[in-house]
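>>> curious how this folds, go ahead:
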Amino acid sequence: MITLFALGGTIAMAGDRGGVVTRLSGADLTTAVPGLTTPLDVRDALAVPSAGLTYADLLRILSDASDAVKDGAEGIVVTQGTDTLEETAYLLDLLWPHPQPIVVTGAMRNPTLAGIDGPANLLAAVRVASSPVSHDLGVLVVLNDEIHAAARVRKTHATSTATFVSPDTGPIGAVIEGTVRMLTRPVPRLPALPWPSVDTVESTVVPLHTATLDDDGTLLHNLASGTPASGLVVAAFGVGHMPAALTPVLEHLAQRFPVVLCSRTGAGSVLRETYGAVGGEKDLQRRGLINGRMVHPYKARVLLRLLLALGGDHGAVEAAFAARG
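Numbering: from 1, shown residues only. Below is the predicted model:
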């Protein structure tokens, strides 16, 4: 038995004179899938677009999914919108303690369009969740017949059905003629993080600052002036570079709370020992910024917020990014 948690998003939309609206239930989704014979325990969880999901929502889904596995589910499938899917899947992956997989899927084309991809994605997701080869891999993202590790996958195109890619690693597997094939195995999973309370997460504020040409650093200066925050993620240029004029405020902030340095490029790693000029990665680390390594800024914000909600200090945050980056 596979437990299906149906949220919202394009995969759950139907036509309307005013456009497309969330209307399909989990049962509606499954009946629209040819060849879906796997027994499913279908649960309508949250009929909301993924842009409206919160950490509290995901912690609730996580708890319900854990209970389902304890009650005998062989795997979990979550259908949701794709807007925040790379972040929600990563959050679930950081906290998921079971060998049984959670498989997250969605759709890029709503049911009013030709060539809808929702039914095919749902069928592939159920097959992956049902396969023994998916065990001990944590949370997987399955769309377009490709299987991606939640820690590496990204949404890279606004409308393409091939939007989800893993720039640094590629997909780890594929569904071919209905058969789940793992083409490579990720490094062994680290132990799941403890589950923070909803109240603690909601009180943990982690902004994201993305560096841009001729950056005036408004967000950074506002934080330095007292805007409440628990930590900060900086999406820097290239391999981890910031304008020299912003280094003093970054150093000031790093003395107040953990500041994680990531690359805004979407692939590759922040370096450690190459560029030593003011604003280079060596200089920023010397000023107290934590190297985010290969963790994308959106995911870094998820990880940092969970770590801080769990009471992690600068050393714990640095160790976590070193291990997971």
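
>>> tell me the SS of the residue most central in space within the chain?
Nearest residue to the geometric centre of the chain (CA atoms, centre = their mean): Glu87, 2.2 Å. Here Glu87 is recorded as helix under DSSP: H, G, I helix; E, B strand; the rest coil.

>>> that one against His296, yeah?
No - at 9.4 Å, Glu87 does not count as touching His296 under the criterion of CB atoms under 8 Å. Just so you know, the C-beta spots here come from the backbone N, C-alpha and C atoms, and that holds for glycine as well.

>>> and the helices in the stretch 1-150 of the chain?
Along the stretch 1-150 of the chain, the stretches classed as helices by DSSP state H, counting those that start in this stretch are 26-31, 55-70, 85-95, 118-130.

>>> which strands and helices sit next to the longest one?
Under the contact criterion of 3 or more CB pairs under 8 Å, 6 or more residues apart in numbering; DSSP states H and E, the helices and strands touching helix 55-70 comprise strand 2-6, strand 75-79, helix 85-95, helix 198-202.

>>> what's around Asn222, how many residues?
12 (other CB atoms under 10 Å).

>>> show the pLDDT at it.
Here the pLDDT value assigned to Asn222 is 98.

>>> quick check: it is in a strand.
No - the assignment for Asn222, made by three-state DSSP, is helix rather than a strand.

>>> which parts of the chain belong to which domain?
2-182, 198-324 (automatic domain parsing).

>>> what's the weakest-modelled helix or strand in this protein?
strand 19-22 (a mean of 66; mean pLDDT, DSSP states H and E).

>>> just the helices and strands packed on helix 55-70: most buried one?
strand 75-79 (a mean of 28; mean count of other CB atoms under 10 Å).

>>> quick one: that one to chain centroid distance?
Averaging C-alpha positions (CA atoms, centre = their mean, to the nearest Å) puts strand 75-79 15 Å from its chain's average.

>>> mind starting the numbering at 394 from now?
All right, first residue 394 from here; so that's strand 468-472.

>>> doesn't Val568 lie inside a strand?
Yes - when three-state DSSP is applied, Val568 is found to be in a strand.

>>> hmm, it is touching Ala522, no?
No - Val568 lies out of contact with Ala522 (CB under 8 Å); the separation is 11.3 Å.

>>> quick one, which of those two is more surrounded?
Neighbours were counted for Val568 and for Ala522 using other CB under 10 Å; Ala522 has more, 27 against 21.

>>> now that one: how far from Leu397?
Using CB to CB, to the nearest Å, one gets 9 Å for the distance from Ala522 to Leu397.

>>> between the two, which contacts overlap?
469-470 (CB atoms under 8 Å, 6 or more residues apart in numbering).

>>> hang on, the earlier thing: in JSON lines: the helices of the stretch 394-543 of the chain, plus mean pLDDT and distance to Glu674.
Putting the helices of the stretch 394-543 of the chain into JSON lines (pLDDT from 0 to 100; distance: least, CB to CB, whole Å) gives the following:
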{"stretch": "helix 419-424", "mean pLDDT": "88", "distance to Glu674": "46"}
{"stretch": "helix 448-463", "mean pLDDT": "98", "distance to Glu674": "30"}
{"stretch": "helix 478-488", "mean pLDDT": "98", "distance to Glu674": "23"}
{"stretch": "helix 511-523", "mean pLDDT": "97", "distance to Glu674": "37"}
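
>>> closest to Gly718 out of those helices?
Gly718 lies closest to helix 478-488 among the helices of the stretch 394-543 of the chain, at 12.7 Å (CB to CB).

>>> now for the closest one, which elements pack on it?
Using 3+ CB pairs under 8 Å, 6+ apart as the test, helix 478-488 ends up in contact with helix 448-463, strand 495-498, strand 532-536, strand 547-548, helix 690-702.
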